[in-house]
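Peer 1: Let me see the structure of the following:
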Amino acid sequence: MTTHSPTEPIDILLVEDNPGDVRLTQEAFKEIDSEIRFHTVTDGEGATTYFDVCGTDTSSINPDLVLLDLNLPRVDGFEILEILGDELDYPPPPILVLSSSETEEDIVKSYERAANAYLTKPDDPDEFDALAKAIEDFWIDSAQHPPAPS
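Peer 2: Reported below is the predicted structural model:
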């Protein structure tokens with residue numbers, strides 16, 4: 001990552017309303033080498049508020065990566081993608097859609113709204129571990145990200 005040093009933890013914003021999926025995701029990331037700090041919001045409105053706060057409050061944490069569910073209460077994941085693309089004055093961190101949907105329509109809509117990747121939620125914990133490792137290998141260790149807003 002461009003602005004990340006190996007001794008700093010990675011901040012991930014997890015936008016997920018299902019407590020079981022939150023737990024599975026967090027447990028999977030405990031198995032990888034990177035130190036991860038999760039910031040979790042349980043609905044789309046909370047996600048948009050989180051970015052409003054990050055843009056104006058210098059003490060808040062700008063996430064290094066966002067894991068976004070599509071089916072959320074209040075504001076769905078598609079709307080979050082649109083809002084972040086339209087309203088942020090700086091490039092958002094990589095946004096990875098993590099959804100149980102495998103429909104072509106949801107995949108296309110996500111990429112049209114500037115998702116950086118579309119990942120299908122695994123069915124079992126071992127698959128969550130493999131997914132977390134793949135995310136670490138590419139999005140944390142290899143990909144160059146835009147600089148965080150100052």
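Peer 1: going forward, measure contacts and count neighbours with C-alpha atoms only.
Peer 2: OK.
Peer 1: What are the boundaries of the strands in the chain?
Peer 2: Here the chain has its strands, by DSSP state E, at 10-15, 36-41, 65-68, 95-99, 117-120.
Peer 1: mind checking how far the third one is from the chain centre?
Peer 2: Going back to what we said before, that points to strand 65-68. Mean-position distance between strand 65-68 and its chain equals 0 Å (Cα atoms, centre = their mean, to the nearest Å).
Peer 1: And for the fourth one?
Peer 2: Centroid displacement of strand 95-99 relative to its chain, using Cα atoms, centre = their mean, is 6 Å.
Peer 1: Identify all contacting residues around it.
Peer 2: Applying Cα atoms under 8 Å, 6 or more residues apart in numbering, the external contacts of strand 95-99 come out as 65-71, 110, 115-121.
Peer 1: Greatest separation within those residues: which pair is it?
Peer 2: The largest distance within the contacts of strand 95-99, taken as Cα to Cα, falls between Leu65 and Asn71 and amounts to 18.9 Å.
Peer 1: between those two, who's got more neighbours?
Peer 2: With neighbours defined as other Cα atoms under 10 Å, Leu65 and Asn71 compare such that Leu65 has more, 21 against 18.
Peer 1: Run through the bridge partners of that one.
Peer 2: Counting by DSSP bridges, Leu65 forms beta bridges with Ile12.
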